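K.L.:
Here is the input, now give the coordinates:
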Amino acid sequence: MTRNSSLILAAVIAVTSFLTVPAIGQFTLPKIKVPKIVKKDTPATPTNTDNPTTSNSDSSAQARNVNVRGVPIPGAKIIFSANPDGSNPKTTFTSAENIYGRIDFGGRTMYDAFGWKAMGDRKFYYVSYFVKILPEGSNQGWEHDWHNGRSYTLVTKEEAQKAFWNFDVLPDPTKASSISSAIGDELQYYNSPAGMWPKIGDMDNARRTFPQNGTYNVDITIYGDSYDDWGKPAGEFEKFPTVSANLAFQFSGSDGQRIASGYQKARDAIEAAKNRKEMLHAMPDWWAKAWTPTDPKLAPARLVPQIKGFIGQWNLTYMKHMIVQFTGPLWVIEKNSLGIPEYRMAKPYIYVIYKDAKDNSCQVGALYMRESYSGAGTYGAPYLGGIRDIQYIDCTAVK
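P.N.:
Down below sits the predicted model:
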């Protein structure tokens with residue numbers, strides 16, 4: 001037998017032996033101990049060592065409930081009522097009713113709840129007042145509507161120290177008291193009603209807001225500013241302190257005309273209230289320092305009939321007038337960009353006291369006198385313009 005034949009025979013015997021004896025008897029298999037696996041929560045956002053700004057706090061911010069506006073003030077809640085004092089609260093109203101709101105700050109003052117210490121000592125404070133009116137069941141709108149295009153509603157220092165705040169939603173327009181402005185820090189611009197009135201406006205807007213009879217959802221959020229460590233507004237709407245609530249408004253077209261006229265009535269009421277608050281109770285000191293006219297056009301014989309005719313177009317009744325002291329030339333020429341005269345104007349203002357038949361009030365305001373340029377160095381007949389710088393004055397004080 002050759003060497004190769006011997007090797008082949010040995011291989012055949014080995015294979016045969018392996019196939020005839022069970023495999024488990026061929027080898028000794030060690031027992032494998034499987035460790036117990038403890039299940040761990042998988043992070044929502046995996047850690048990325050290449051981006052150190054990614055963290056669990058970022059993940060929670062991304063997962064914030066978009067239906068929660070800003071940071072709700074703990075313990076604060078809004079109730080609605082048909083009464084200005086908030087009595088007999090309810091959440092459903094008809095369009096024939098007036099609506100008022102009241103925030104209970106849970107034992108804290110309004111000043112503390114909105115963090116106004118950061119604003120420093122002020123003559124007044126303000127909140128922003130968001131209102132959205134949609135048909136019941138509608139989900140129109142954008143989740144960020146509430147903090148965009150914000151306006152400001154006045155809060156007095158006295159109100160800021162109370163643990164509640166009463167505000168208008170859809171008040172009796174002649175008694176509107178919640179006042180708004182597009183400029184937060186300028187008190188003189190607070191002259192518009194807040195609440196539902198601005199959304200309703202005039203007849204056209206009222207029809208768009210309430211296209212048909214039915215129930216509408218009135219969504220309201222009152223919110224303040226967020227502040228940095230220096231006490232300055234940070235503008236981070238996610239941190240704005242907020243209080244939110246909704247009410248159901250059952251609209252009927254039979255109330256449409258009254259509702260549509262309410263906005264202007266509310267504006268007039270706010271203006272009248274402001275004027276009464278700033279009313280003069282004595283003749284102003286400067287009234288006695290009148291200038292004596294040297295131009296016949298400003299002499300009483302010609303000027304008084306002209307004043308009466310001018311203010312009479314608004315049903316105002318002349319009481320008296322004066323011309324303020326001035327220095328320099330009496331007439332000032334106004335020219336266009338080409339240097340050509342357009343008109344000349346009497347330098348001193350003409351102040352007149354008149355009575356308004358609308359509310360039987362007495363008011364003082366300023367008029368101006370002008371003459372249009374006629375050419376060749378001549379001017380036309382004088383005419384009056386104004387009235388500006390209006391202020392109420394106690395009628396009994398006019399002497």
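K.L.:
Check whether Pro89 sits in a helix, strand or coil.
P.N.:
When classified by DSSP: H, G, I helix; E, B strand; the rest coil, Pro89 comes out as coil.
K.L.:
That one against Ala82, yeah?
P.N.:
No - with contact defined as C-beta atoms under 8 Å, Pro89 does not count as touching Ala82 (9.3 Å). All C-beta atoms are positioned from the backbone trio N, CA, C, and that covers glycine.
K.L.:
if you count what's nearby, which of these two comes out ahead?
P.N.:
Ala82 (17 against 14; other C-beta atoms under 10 Å).
K.L.:
for that one, what are its contacts?
P.N.:
For Ala82, the contact set (C-beta atoms under 8 Å, 6 or more residues apart in numbering) comprises Asn88, Lys90, Phe93, Glu97, Asn98, Ile99, Tyr100.
K.L.:
for Met322, same thing?
P.N.:
Met322 neighbours (C-beta under 8 Å, 6+ apart): Trp287, Ala290, Trp291, Ile350, Tyr351.
K.L.:
Need the pLDDT of the last one.
P.N.:
Same thing as Tyr351. Looking at Tyr351, its pLDDT stands at 98.
K.L.:
swap in the second one?
P.N.:
We note a pLDDT of 95 for Ala290 in this prediction.
K.L.:
Look up the closest residue to it, ignoring the ones flanking it.
P.N.:
Nearest residue to Ala290, sequence neighbours excluded (C-beta to C-beta, 6 or more residues apart in numbering): Met322, at 3.9 Å.
K.L.:
ok so, going back, compare the contacts of Ala82 and tell me which has the most neighbours.
P.N.:
Counting neighbours by other C-beta under 10 Å, Tyr100 leads the contacts of Ala82 with 24 neighbours.
K.L.:
how far is whichever strand or helix holds that residue from where the chain is centred?
P.N.:
Assigned by DSSP states H and E, Tyr100 falls within strand 99-104. Centroid separation for strand 99-104 versus its chain: 17 Å, with C-alpha atoms, centre = their mean, to the nearest Å.
K.L.:
and the next element down the chain from that strand?
P.N.:
Downstream of strand 99-104, the next assigned helix or strand under DSSP H and E is helix 110-113.
K.L.:
Quick one: mean pLDDT for that following helix?
P.N.:
Confidence over helix 110-113 (mean pLDDT, whole number) is 96.
K.L.:
what do you get for stretch 207-225?
P.N.:
Averaging pLDDT along stretch 207-225 gives 96.
K.L.:
Can you give me the buried ones in it?
P.N.:
Neighbour-count burial for stretch 207-225 flags Thr209, Phe210, Tyr216, Val218, Asp219, Ile220, Thr221, Ile222, Tyr223, Gly224, Asp225 (criterion: 16 or more other C-beta atoms under 10 Å).
K.L.:
Assumed the fourth one was part of a strand.
P.N.:
Right, the one you point to is Val218. Yes - the assignment for Val218 by three-state DSSP puts it in a strand.
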